[in-house]
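J.: kindly return the folded structure for what I paste below:
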Amino acid sequence: MRAAVVVRPGQPPSLADRGEPSAGPGQVVVDVLAAPVTPLDLLCASGTSYFGVPETPYVPGVQGIGTVDGRAVWFPTSAGMAPGDGSMAPKALARQEDLVFLPEVDPVLVAALGLSAVAAYLTLQVGGLVPGETVVVLGCGAVGQSAIQLARLLGAGRVIAAARSEVGRERAERAGADVVVPLEDVGAAAAGADLLIDPVFGEPAAAAAGALRSGGRWVNLGGSAGETSPVTSSTLRSKSLRLFGYTNNELTAPQRADAISVIARHAAAGELTVDHEVVPLADVSDAWHRTGHGRVVLAM
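T.: All right, here's what the predicted structure looks like:
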């Protein structure tokens, strides 16, 4: 079969011949329909992730949508994090226990949402969102767009979004944010907010955290604006702020499955979407780093 293959860490994958996978104990072969290109895929393939340099050649793709016995499923893989191939191929291996069976829904949309929407959904839970509260969302990639919509669905009274680019701010408006500002202006816009959803860290997170109300909650799940943040001890202490860290890697298979099921139901109901671009698998090399039109989803 023709699959996307990373030949050398740090280089985009290219289309190459790859043998079809055979299922071992506890595994199934998934007929893949769609696979998103996610930040984790890029990080793992770079060879600079905390998982170490991946064994090459390998098929990337840490998640995908496909069918098993004619039923639509979402599935994860450990491609780039451990030896083995991922989802960017017509057929892929998955553990039986990791399969999440889906309702009737656009597979490309669920692929685009995937674990980014899971992270958005669960950070709102970790942060203890109470109906009527004000939520601040930093950044407007797949996580940010999902967080804005899910905050609404979970009862937020007001959603403030901050994004660096004009494209990001337009996405935030389409996602339904009440207030949209440049990332550098978030401190003033977030005054008195209850909950901060932070995939960016760095200076923007420090400014937003400093604007939260006393007892406000801050959930960090990324560092796209910097691996360190100039937040001060006095900011945390004077407002009794509660700071949480979140990663999808800590989820159990049942927790992940429950969250994917929620995301799929909202997507099927037309309540949750994310900007995405559908690209043929053959164009994976050109599309690897392209994000201008939203998340890239490879169609098999």
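
J.: for stretch 226-245, the averaged confidence score.
T.: For stretch 226-245, mean pLDDT is 96.

J.: please apply the same query to stretch 279-288.
T.: On average, stretch 279-288 scores 97.

J.: can you give me the end-to-end distance of that stretch?
T.: End-to-end distance of stretch 279-288: 10 Å, with C-alpha to C-alpha, to the nearest Å as the criterion.

J.: quick one: buried residues of that stretch?
T.: Val279, Leu281, Val284, Ala287, Trp288 (16 or more other C-beta atoms under 10 Å). Backbone N, C-alpha and C define where each C-beta goes, glycine included.

J.: bridged to the first one, which residues?
T.: Counting by DSSP bridges, Val279 is bridged to Leu298.

J.: residue contacts, it?
T.: Asp286, Ala287, Val296, Val297, Leu298, Ala299 (C-beta atoms under 8 Å, 6 or more residues apart in numbering).

J.: possible to save those as JSON lines with distance to Pro76?
T.: Compiled in JSON lines, the contacts of Val279 are given as follows (distance: C-beta to C-beta, whole Å):
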{"residue": "Asp286", "distance to Pro76": "26"}
{"residue": "Ala287", "distance to Pro76": "21"}
{"residue": "Val296", "distance to Pro76": "18"}
{"residue": "Val297", "distance to Pro76": "16"}
{"residue": "Leu298", "distance to Pro76": "16"}
{"residue": "Ala299", "distance to Pro76": "19"}
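
J.: before we move on, the earlier item: just the buried residues of stretch 279-288: which are in strands?
T.: Of those, the ones assigned to strands by DSSP state E are Val279.

J.: quick one: which two of the buried residues of stretch 279-288 are the most distant?
T.: Across the buried residues of stretch 279-288, the longest distance by C-beta to C-beta is 11.9 Å; it joins Leu281 and Trp288.

J.: which element is the residue nearest the centre of the chain on?
T.: Note on the chain: the residue nearest the mean C-alpha position is Ser116, at 1.8 Å, using C-alpha atoms, centre = their mean. In this assignment (DSSP states H and E), Ser116 forms part of helix 107-126.

J.: can you check His266 too?
T.: Element membership of His266 [criterion: DSSP H and E] is helix 253-268.

J.: that helix packs against which elements?
T.: Counting contacts by 3 or more C-beta pairs under 8 Å, 6 or more residues apart in numbering; DSSP states H and E, helix 253-268 packs against strand 71-76, strand 100-101, helix 107-126, helix 142-153.

J.: now the next helix or strand after the last one against helix 142-153, angle please.
T.: Going back to what we said before, that points to helix 142-153. Elements were assigned by DSSP H and E; along the chain past helix 142-153, the next helix or strand is strand 158-163. Interaxial angle of strand 158-163 relative to helix 142-153 (axes from the mean of the first three to the mean of the last three C-alpha atoms, to 10 degrees): 170 degrees.
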